[in-house]
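Undergrad: Mind looking at a prediction? Sequence and model below.
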Amino acid sequence: MAAVTSVGETPLAVPARRQAGMQAGRRRRLNLFRYVVFTVFGLFFALPLLAMARFSLEGAKLGTWSLTAWRQITSYTSSEGIPPLISAVEITLELAVITSAVMLVLVVPTMIWIRLRVRWLARAMEFLCLLPLTIPPIVLVVGLGPIYDKIAHLSLSALMLFWVYVILALPYAYRALAAGLSAIDATTLSEAARSLGASWFSVIVRVIVPNMWDAVLNALILTWALVLGEFTVAFFLLYVNLQVELYSISRNTPDAGVIFSTSTASLLFAFVLLLILSYVGRRRRAIRG
Amino acid sequence: MAVAATTRTGARPSWAGRRPSVPPWVGTVPFFGYVAVFLLWPTGIVVYEAFKNPAGRFTLSGITALGNSQVRGFFIGSFKLSLISSLIGAVLGAILAYAVASGNPDGVIRRLYLCVSGVLAQFGGVTLAFAFLVLIGPVGLLFHAGWYFSFPWGITVIYAYFQIPLMVLVFLPAIDGLKVQWREASENLGSSAWQYWRYVGGPLLLPAFLGALLLLFANALSAYATIQAWEDAIPYTVPQQIYTSMSSEVGLANINYADALALGMVVLVAIVMTGYALLQRRAARWLR
Amino acid sequence: MEGLSRRYGTVVALDHLDLTVQPGELVVLLGPSGCGKTTTLRLLAGLEDTDTGSITVGGRDITWLPASKRDMGMVFQAYSLFPHMTVRQNVAFGLRLRRVGAAERDRRAMEMLELVGLTEQANRYPHQLSGGQQQRVALARALAIQPQVLLLDEPLSALDAKVRAQLRDQIRRIQLEVGITTLFVTHDQEEALAIADRVGVMREGRLEQLAPPVEVYSRPATSFVAEFVGLTNRLAGEVQAGQLTVRGCTLPLVDSATPDGLAVALVRPEAVTLASHDAPESGPLVGTVIAVTFLGATSRVTVDLGDATIMAQLPTADATALPAGSRVALTIRPDPVLVSAGSDQAVPLPEEEA
């Protein structure tokens, strides 16, 4: 076999068809596709929102601008003199917090426990967590009547909605959490922790959960989105939350503009909250990174 | 110290100490109990009530009432709308998901679109209907779509608004699961991009896609607020009819009617979800 | 391949690489992570583009040919089998793309499976096979299309040690039987030395040496090669007038133009021998035995010299007389020596194996 010199410095031969590199070409085509897709979908999602915002700023004559509709949000008062919208926002925010807390406490330890010790229940849990997505809230409401009658004895506050909201949030939160859990080797981590003397509680709280932070944050975002946007169940159970309040404002005010300003406001509000939440997540990542 | 590793079945390691043997599944009771009370029981109540008449006696009249042509009309309406909106949502959502997935995994766009999807998948109902009304309704800012109030196409456009993000949320992990080695191996063996998708990528994604489609279908079936806010004069779908019969003052007979309708929906959903579960098993094995 | 370069941002993966592989030859690219060996392979396969240079196969310039049109079979490190197809379908896939008829496809696929010894698993799915079996299927699949070149990207890295050794030999056997030109990438030098016709040691995008295994081992061209391939002792010494003095032993230098001064000698354990059997204290290197590692016919004895640790490869018969803690005197055979780069250090070359 002929021996060949190893390293050689050949003069840089730059082929004229450098641009025709296959992988580079493919990447360029892919990027073009992506930008087209993002633009088209971006437009589709943005336009209705923009239209709504524009309409909310509409003045008495078509084509003019005015902030009346926005001012009316806060000025719409109930008999007590407190703008009911503010209290509805308060209630909804509190609901979001309670729902998230209960949901996490209920779902995360159970998921981890099942993953570590009771694997055969995993499919059952997954199925149950997906079910609320498909059972119409109407059906739930019909069936929940008797139960909520009993709950009314406990408390009449709209905060009691959290019992149901946890269920409604399950499909979204579970998916996010399950993705996070399956990405780490929970079994090995728990075995290591246990061999060092950790109790099961410590394993869950101090070992597994910290490795799932992104997923937890994701689940929180989705839960909040749900609570902020939920209407049907609250309405039919005769509670007042943000969306219900918006709906009743729009039914009661003769002025059309308020409908749009309130809708835009609620969307903006949700967006900002969720962005803040997602930024919290990013900072955590940086600290760990 | 001798250390025995936890076995796959979750047997207690030897160093866990001796305790009275409580079976480990007891730890899952809080969750399953909660779900049983607030999800399964209400559903059970609905199913049960469907078989009762106003006097509280067992009857099949509610069920047989489901057979009449009016009710059939509602189910067909629901079915049509759900099918069309889920197909459109699935295909468009898959394209968008692919665009998101093929980008930088840590990039801004991906995070942005995921957040947006999470929010928009929720925002239906009153707000959404209003937004579209303003955009393409009778005094629409963009233009007036004559078909806006038509069923099912007008309302489908609105449904797409939350179906597509839901698809992205559900389908994205599947696309992520496509290993780059498969693409490279396929190319190395001589396939074009089209052949790759036809023989490898497509078949692998198919179970996940169909599963997501079913999920979207069930989601559309159960949607109420959006379509009600869109046009509340005539009920087209089963959820709308349930509402109508529940809030009607014409007498209690309608409660059982509503329950029977609800039962019909539950059955439909159960079928769909079983299909979904079966598909998921196949998809999970390949794309994990 | 000539003058291949590849940059990723500020990272230079390949720096004007030249490499020629003879027909039927098995060349192993060996080196640490990030040295560019995998990049070279992927450039050849067409999975990456080169910034400069050209690639020629069988006289044809394929530099700009897309991956799917290059006639090469590739075996990846892991996960490359299509999970939704059976073993048989996986192997036949390339043939199917080439529109080979079903019967012929099946025949060829089974032929390949027989070659790798997996005919019984033909109807199984990849997830039902072990890692080693999966890689064998991948090999069969790559060979089924009868490519001009076979490319293997660390195919054994994800496997257990025992399976690795078996599969390595099997791959070599098959390669010789089929007579296909092969490029094999690995970071395991034992693997490289065991199966290669020639070994190309790479570092930071450049080829340090390209030669048959024996030569790479016994006549490393650079100190990096000497240290990467096989075990090496590093001993402080001093260079004077083209000779290196290490702890009283004077050794000739490979590169007689090495400048004078302090240097680090690279000495193979085989070059370190017992100074004498009877007088443990009389010898240039005197120390206490720390450990003896039994390797079969020879044993590796690790000795603490006080200010340094040295490894000697001695016949087991001699090594058994040296339990841990005993004193021993060693010396270095006077063979030409290499110096460690980056600090002007001399490296002694081990004696040429016959």
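TA: That came through, no problem. Numbers count the residues shown, from 1 in each chain, chains lettered A, B, ... in the order given.

Undergrad: Pull the number of nearby residues for the nearest residue to residue B:161 once chain neighbours are set aside.
TA: The shortest distance from residue B:161 to any non-neighbouring residue, by C-beta to C-beta, 6 or more residues apart in numbering or on different chains, is to residue B:128 (5.9 Å). For glycine as for every other residue, the C-beta is placed from the backbone atoms N, C-alpha and C. The local packing of residue B:128 (other C-beta atoms under 10 Å in any protein chain shown) involves 26 other residues.

Undergrad: what does residue C:98 give?
TA: 12.

Undergrad: Starting from residue B:182, give me the distance back to it.
TA: Note on residue C:98: its distance to residue B:182, by C-beta to C-beta, to the nearest Å, is 19 Å.

Undergrad: what's the answer for residue B:134, then?
TA: Distance from residue B:134 to residue B:182, by C-beta to C-beta: 46 Å.

Undergrad: same check, this time on residue C:19
TA: Going from residue C:19 to residue B:182 by C-beta to C-beta gives 28 Å.

Undergrad: For the stretch 1-150 of chain B, which segments are assigned as helices?
TA: Secondary structure of the stretch 1-150 of chain B (DSSP state H, counting those that start in this stretch): helices located at B:29-35, B:41-50, B:61-65, B:69-101, B:108-120, B:125-136.

Undergrad: Out of these, the one nearest residue B:283 is which?
TA: helix B:69-101 (13.6 Å; C-beta to C-beta).

Undergrad: Please see if the closest one touches chain A.
TA: Yes: judged by C-beta under 8 Å from any C-beta of the partner chain, helix B:69-101 comes into contact with chain A at B:92, B:95, B:96, B:99.

Undergrad: Looking at those, spot the one nearest residue A:157.
TA: Of the residues of helix B:69-101 next to chain A, the one sitting nearest to residue A:157 (C-beta to C-beta) turns out to be residue B:96, at 40.2 Å.

Undergrad: At the contact with chain C, which residues of the stretch 51-200 of chain A appear?
TA: Checking the stretch 51-200 of chain A against chain C by C-beta under 8 Å from any C-beta, there are no hits.

Undergrad: so where's the stretch 51-200 of chain A uncertain?
TA: For the stretch 51-200 of chain A, the stretches with pLDDT under 70 are A:58-66, A:68-83.

Undergrad: neighbours of the residue of it found nearest chain B, just the number please.
TA: The minimum distance from the stretch 51-200 of chain A to chain B, using C-beta to the nearest C-beta, falls at residue A:143 (2.7 Å). Neighbour count for residue A:143, taken as other C-beta under 10 Å: 25.

Undergrad: got the contact list for residue A:240?
TA: A:84, A:88, A:91, A:158, A:234, A:248 (C-beta atoms under 8 Å, 6 or more residues apart in numbering or on different chains).

Undergrad: nearest to residue A:40, of those residues?
TA: Using C-beta to C-beta, those come closest to residue A:40 at residue A:234, 34.7 Å.

Undergrad: give the contact list for the closest one.
TA: Applying C-beta under 8 Å, 6+ apart, one finds that residue A:234 lies in contact with A:158, A:161, A:240, A:241, A:243, A:244.

Undergrad: element containing it?
TA: helix A:232-236 (DSSP states H and E).

Undergrad: Quick one: mean pLDDT for the helix or strand hosting residue C:182?
TA: Using DSSP H and E, residue C:182 maps to strand C:181-186. Model confidence over strand C:181-186, given as mean pLDDT, is 92.

Undergrad: what does stretch B:182-198 give?
TA: Here the average pLDDT along stretch B:182-198 is 89.

Undergrad: what's that stretch in contact with?
TA: So stretch B:182-198 is contacted by A:26, B:199-201, B:204, C:45-47, C:66-69, C:72-74, C:76, C:79-82, C:93-94, C:97-98, C:138, C:141-142, C:145 (C-beta under 8 Å, 6+ apart).

Undergrad: Make JSON lines out of the contacts of residue A:234 and add secondary structure.
TA: Converted to JSON lines, those look like this (DSSP: H, G, I helix; E, B strand; the rest coil):
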{"residue": "A:158", "secondary structure": "helix"}
{"residue": "A:161", "secondary structure": "helix"}
{"residue": "A:240", "secondary structure": "coil"}
{"residue": "A:241", "secondary structure": "coil"}
{"residue": "A:243", "secondary structure": "helix"}
{"residue": "A:244", "secondary structure": "helix"}
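
Undergrad: just to revisit the earlier point, rank the residues of helix B:69-101 next to chain A by pLDDT and give me only the lowest.
TA: residue B:99 (88).

Undergrad: right, and it touches residue A:38 too?
TA: Yes: the pair residue B:99 / residue A:38 is scored as a contact, 6.3 Å apart, by C-beta atoms under 8 Å.

Undergrad: From residue C:16, how far out is residue C:225?
TA: In terms of C-beta to C-beta, residue C:225 sits 19 Å off from residue C:16.

Undergrad: How about residue B:143?
TA: 61 Å.

Undergrad: Look at those two and report which has more neighbours.
TA: Neighbours were counted for residue B:143 and for residue C:16 using other C-beta under 10 Å; residue C:16 has more, 20 against 9.

Undergrad: Between residue B:99 and residue A:38, point out the one with more neighbours.
TA: residue B:99 (24 against 17).

Undergrad: Spatially, which residue comes closest to that one, not counting chain neighbours?
TA: Nearest to residue B:99 is residue A:37, by C-beta to C-beta, 6+ apart, at 4.0 Å.

Undergrad: now that neighbour, what's its secondary structure?
TA: Judged by three-state DSSP, the three-state class of residue A:37 is helix.

Undergrad: now the end-to-end length of stretch C:231-244.
TA: 20 Å (C-alpha to C-alpha, to the nearest Å).

Undergrad: mind listing what's buried in that stretch?
TA: Going by neighbour count (16 or more other C-beta atoms under 10 Å in any protein chain shown), the buried part of stretch C:231-244 is C:232, C:233, C:234, C:235, C:237, C:239, C:243, C:244.

Undergrad: swap in stretch A:150-169?
TA: Neighbour counts over stretch A:150-169 (16+ other C-beta under 10 Å) mark A:151, A:158-169 as buried.

Undergrad: chain center to that stretch: distance?
TA: The chain centroid and the centroid of stretch A:150-169 are separated by 20 Å under C-alpha atoms, centre = their mean, to the nearest Å.

Undergrad: One more: stretch B:78-92?
TA: 11 Å.
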